[in-house]
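Chemist: coords please:
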Amino acid sequence: MTKRIVVTGLGATSALGGTVAENWKNLNAGVSGTRRLEHDWVEEYNLPVSIAAEATVRPDTVLDRPTTKRLDISTQFGLVAAMEAWLDAGEPEVDPERLGVDFATGIGGVWTLLNAWDTLREKGPRRVMPMTVPMLMPNSAAGFLSLHFGARAFARTVASACASSVESLDSAYEHLMSGDADVVIAGGAESAIHPITVASFASMQALSRRNDEPETASRPWDADRDGFVMGEGAAVLVLETEEHALARGARIYAELAGTGVTADSHHITANDPTGQGAARAVRAALDAAGRSPDEVTHINAHATSTPVGDPAEFAALETVFGDRVREIPASATKSSTGHLLGGTGAIESVFAVKAIQDRIAPPTINLFEQDPEIGFRASRETQPLGDGPHLAISNSFGFGGHNAVAAFATYDS
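Modeler: Here you go, the predicted model:
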């Protein structure tokens, strides 16, 4: 019998809310999570961009003080999402040596690192916290989740920029398929809305500069798009082998039918404008799922709202789907959440799972005039997907030429 991998738990925290239910409700209500940054450092450093999609529920309101004191905020977000997902999965009873963690971040503990540097310069080495290195390490979240949940099979970290957390799903899929674990906690987290990252992304001309229109700044596929909006938060999926999930009577949201990962080898930041690498990732995910492009009924696009990135993604999907790409309901959810960088693929995978579960494609807000070169069937408002089984893909593409795609299918026992 062919092994199947299923989703049994979901967790998420972002600018749209502190739980999956809040995120999904506000996403479908067309809420924008982008706001003006109310921090002294925006004016202090005269930053050209003063907007972002900060998470609405701060992790220090959920976690106890001893925990937050020893974790970077990105790991705190990861723990909050993982706790929700684990509870949602029914707190599975699993042999610790059969429980693994595949987690991701794009940048890691940037706040810890740079705060420590300030402390060193201003107060000297004796005042630098002894936990600084464990807090700033990119693998901090995976390691702490392993400790928190007693996962002893493995605790792996992926750091592939904005493709990171879909690559963590790919890793989890392979670990479960190969028999290395029965249950995997997978996802990603990021909290990098910091003066240095805002300044750097702005210098690259990557960020929207609509400081006076924060709620409409992120405009994927729009003819007047001018860059992405930084977001923060985390999302987690509890993945299991079907056999393990059925044996414990778990509720199954969907099947993680397949994943695909490729590299462009084109440019350190820019997408391959032909979209060939991204197209190969989509095909790889569908091949792993044993499905054809004709079976895909929903697309959660990477869609950052950058002038160059959005057309490249459409070119990639047109290569795979042909003219049918213009008929498949597509959503660009960064218009609401902002861009969570290393956590973005995880939260968009949660949205893809919810889309096929509820049979609706969430809206793409701020799409005032669609770029004629980007012919997706955009869901400006929530649109029904119809009855019957569904197959959704979630795309994530990152600096360095990383391409990662996850395919989720309606679960049919």
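
Chemist: all strands of the stretch 151-300 of the chain, in order?
Modeler: Ranges of strands in the stretch 151-300 of the chain, per DSSP state E, counting those that start in this stretch, are 154-158, 183-190, 233-241, 254-263, 298-300.

Chemist: now residue 378: how far from residue 286?
Modeler: With distances taken as C-beta to C-beta, to the nearest Å, residue 378 is found 22 Å from residue 286. Placement of C-beta: from N, CA and C, glycine included.

Chemist: which residues touch residue 190?
Modeler: Contacts for residue 190 were tallied using C-beta atoms under 8 Å, 6 or more residues apart in numbering; they are 74, 77, 105-107, 231-234, 340-344.

Chemist: rerun at 7 Å
Modeler: By C-beta atoms under 7 Å, 6 or more residues apart in numbering, the contact list for residue 190 reads 74, 105-107, 232, 340-343.

Chemist: from the strands of the stretch 151-300 of the chain, which stretch is densest packed?
Modeler: Ranked by average neighbour count under the criterion mean count of other C-beta atoms under 10 Å, these are headed by strand 183-190 at a mean of 34.

Chemist: partner residues bridging residue 233?
Modeler: Residue 233 has these beta-bridge partners by DSSP bridges: residue 190.

Chemist: Can you show me the CA trace of stretch 67-80 as PDB?
Modeler: As requested, C-alpha coordinates have been extracted for stretch 67-80 and formatted as PDB (Å, rounded to 0.1, in the frame of the first residue of the first chain):
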ATOM      1  CA  THR A  67      10.100  31.300  28.400                       C
ATOM      2  CA  THR A  68      10.200  34.700  26.600                       C
ATOM      3  CA  LYS A  69      13.300  35.700  28.400                       C
ATOM      4  CA  ARG A  70      15.300  32.900  26.800                       C
ATOM      5  CA  LEU A  71      13.800  32.900  23.300                       C
ATOM      6  CA  ASP A  72      14.200  35.300  20.400                       C
ATOM      7  CA  ILE A  73      10.800  36.700  19.400                       C
ATOM      8  CA  SER A  74      10.900  34.600  16.100                       C
ATOM      9  CA  THR A  75      11.100  31.400  18.200                       C
ATOM     10  CA  GLN A  76       8.400  32.700  20.500                       C
ATOM     11  CA  PHE A  77       6.100  33.000  17.500                       C
ATOM     12  CA  GLY A  78       7.000  29.500  16.400                       C
ATOM     13  CA  LEU A  79       6.200  28.100  19.800                       C
ATOM     14  CA  VAL A  80       2.900  29.900  19.900                       C
END
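
Chemist: Please identify the buried residues of it?
Modeler: Across stretch 67-80, burial judged by 16 or more other C-beta atoms under 10 Å covers 67-68, 71-80.

Chemist: Nearest to residue 43 among those?
Modeler: The shortest gap between residue 43 and any of the buried residues of stretch 67-80 belongs to residue 73, at 21.9 Å (C-beta to C-beta).

Chemist: got a pLDDT number for the residue nearest to the closest one when sequence neighbours are not counted?
Modeler: Using C-beta to C-beta, 6 or more residues apart in numbering and skipping the chain neighbours, the partner closest in space to residue 73 is residue 191 (4.4 Å). As predicted, residue 191 sits at a pLDDT of 98.
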